[in-house]
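> turn this into a model:
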Amino acid sequence: MRKNTDLKGIVGASVTPINSSYEIDLERLKNHCEKLLSQGCDFISVFGTTGEGASFSAQQKIHALREMSAQGMDMSRQIPGIIASSIDDAAALYKVADELGCRAALIIPPYYYPPSGDKGVGDFYEAVVAAAGSPDLDVILYNFPVFSGVAFTPALVKEVVSRLGHRVVGIKDSTGDLAGGLELVSSFPDLSIFTGDDRVLTRLVSAGGAGMIGGLPNLFPADSVTLYRGDVDPAFESRAAKRIELVDGLGGLIALKAMLAETYNLPSFSQTMPPLLGLSNDVRAQLKVELEL
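Below is the predicted model of the structure:
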């Protein structure tokens with residue numbers, strides 16, 4: 001990780017509140033983002049995996065980003081996720097993120113069609129930047145092969161860096177694999193390497209990692225910040241591990257939305273985009289108890 005970079009700490013991967021018509025609830029999204037920032041998150045990443053980013057059109061996401069900016073959101077603390085398989089959609093989002101003054105863009109490789117090797121992935125990233133007009137906005141590579149089908153090995157990172165140069169400033173590793181995360185830290189000392197897994201966070205940071213871009217800060221932002229700082233005992237780490245295991249075991253973002261609905265006392269917060277379904281009342285009640293909300 002580069003010395004004196006601000007690209008570190010806790011990045012809250014925000015859920016996306018929606019209404020009964022499956023449109024983004026802009027007011028609640030902005031309010032939720034601002035709450036996470038006020039409780040210690042360094043940045044917010046909307047429309048990533050936790051934000052159901054693949055379930056919204058590029059135009060829906062662009063409209064939401066522009067409206068949040070117009071309503072006074074500090075976009076310099078936004079790192080929007082770009083989940084798109086088409087060059088045109090990804091480029092449109094990247095261009096708007098730059099125009100609005102976002103801190104960076106978190107870009108996942110194209111999914112659905114398996115890439116024809118590292119060169120194919122490099123071609124995609126290079127084409128996205130070119131189609132956006134070659135803005136200088138920083139890029140964080142999104143390593144989540146469960147969804148994208150693409151694993152960011154050191155060789156692939158080097159391929160993309162050879163295309164985008166200084167724009168590549170970091171990697172989000174959502175695999176939960178500590179060994180793989182540590183390999184990225186040691187291989188790319190000038191990049192900010194983030195984990196998406198609370199169980200990996202303290203060890204990654206102690207080895208030179210940048211922090212976390214993850215979903216649990218939606219519910220426990222202050223605890224996530226404490227975990228990042230590392231001054232915690234085994235009981236604290238164990239509780240954090242139990243939380244992510246509970247949430248991930250019950251659908252990840254579905255569980256987060258259900259618990260935010262409880263926290264905010266807003267049942268509509270648990271609404272998900274098809275094809276996802278919300279938690280049953282029984283499971284919801286059980287999770288609330290086990291998370292000690």
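
> next one, pLDDT for residue 292 please.
Residue 292 carries a pLDDT value of 89.

> would it count as being in a helix?
No. With DSSP: H, G, I helix; E, B strand; the rest coil as the criterion, residue 292 is located in coil rather than a helix.

> phi and psi next, for it.
Torsion angles at residue 292 (phi, psi; degrees, to the nearest 10) stand at phi 60, psi 40.

> what about it, how many residues nearby?
Residue neighbour count, defined by other Cβ atoms under 10 Å, stands at 7 for residue 292. C-beta here means a position set from N, CA and C on the backbone, and glycine is covered the same way.

> next: residue 245.
Counted with other Cβ under 10 Å, the burial measure for residue 245 works out to 12 neighbours.

> and residue 238, by the same measure?
Counted by other Cβ under 10 Å, the residues lying close to residue 238 total 12.

> how far away is it from residue 14?
Taking Cβ to Cβ, to the nearest Å as the criterion, residue 238 is separated from residue 14 by 26 Å.

> report the buried residues of the helix or strand hosting residue 223.
Counting by DSSP states H and E, the secondary-structure element that holds residue 223 is helix 221-229. Neighbour-count burial for helix 221-229, with 16 or more other Cβ atoms under 10 Å as criterion, is recorded at 221, 223, 224, 225, 226, 227, 228.

> for the record, mean pLDDT for that helix?
Averaging pLDDT along helix 221-229 yields 96.

> what does that helix contact?
Outside of helix 221-229, the residues that reach it under the criterion Cβ atoms under 8 Å, 6 or more residues apart in numbering are 9-10, 12, 36, 39-41, 198, 201-202, 205, 211-212, 214, 216-217, 232, 236-237, 240.

> do that again at 6 Å, thanks
Under the contact criterion Cβ atoms under 6 Å, 6 or more residues apart in numbering, helix 221-229 has outside partners 10, 36, 39, 40, 41, 201, 211, 216, 217, 240.

> ok, residue 96 - contacts?
When the contact criterion is Cβ under 6 Å, 6+ apart, the partners of residue 96 are 62, 65.

> now the strands for the stretch 151-293 of the chain?
Listed in chain order, the strands of the stretch 151-293 of the chain (DSSP state E, counting those that start in this stretch) span residues 168-173, 192-195, 211-214.

> pairing partners for the longest one, with directions?
This points to strand 168-173. Taking DSSP bridges as the criterion, strand 168-173 pairs within the sheet with strand 139-143 (parallel), strand 192-195 (parallel).

> and what of the last one?
The strands beside strand 211-214 in its sheet (DSSP bridges) come out as strand 9-13 (parallel), strand 192-195 (parallel).

> so what's the gap between that strand and the chain middle?
How far strand 211-214 lies from its chain's middle: 8 Å, per Cα atoms, centre = their mean, to the nearest Å.

> export that strand as CSV, just CAs?
Presented in CSV, the C-alpha positions along strand 211-214 are these (Å, rounded to 0.1, in the frame of the first residue of the first chain):
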residue,chain,number,x,y,z
GLY,A,211,-8.7,-2.6,5.0
MET,A,212,-12.1,-3.9,4.1
ILE,A,213,-14.8,-3.2,1.5
GLY,A,214,-17.7,-5.2,3.0
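
> residue 37 and residue 151: what is the separation?
To residue 151, residue 37 is 32 Å away according to Cβ to Cβ.

> who has more neighbours out of the two?
Per other Cβ under 10 Å, whichever of residue 37 and residue 151 has more neighbours is residue 37, with 18 against 15.

> from one end of stretch 19-26 to the other, what's the distance?
One end of stretch 19-26 sits 10 Å from the other (Cα to Cα, to the nearest Å).

> my guess is residue 44 contacts residue 14. True?
Yes. Between residue 44 and residue 14 a contact is recorded at 5.4 Å, counting by Cβ atoms under 6 Å.

> now for these two: what residues contact both?
Looking at what touches both residue 44 and residue 14 (by Cβ under 6 Å, 6+ apart), the common residues are residue 33.

> re earlier: buried ones among the contacts of helix 221-229?
Using 16+ other Cβ under 10 Å as the burial test, these include 10, 36, 39, 40, 41, 201, 211, 216, 217, 240 as buried.

> out of those residues, which sit inside helices?
Among those, the members falling in helices (DSSP state H) are 36, 201, 240.

> which one of these is nearest to residue 134?
Minimum separation from residue 134 among these (Cβ to Cβ) is found for residue 36, which lies at 31.6 Å.

> excluding its backbone neighbours, what's nearest that closest one?
Counting by Cβ to Cβ, 6 or more residues apart in numbering, residue 12 is the residue found nearest to residue 36 once chain neighbours are left out, at 4.1 Å.
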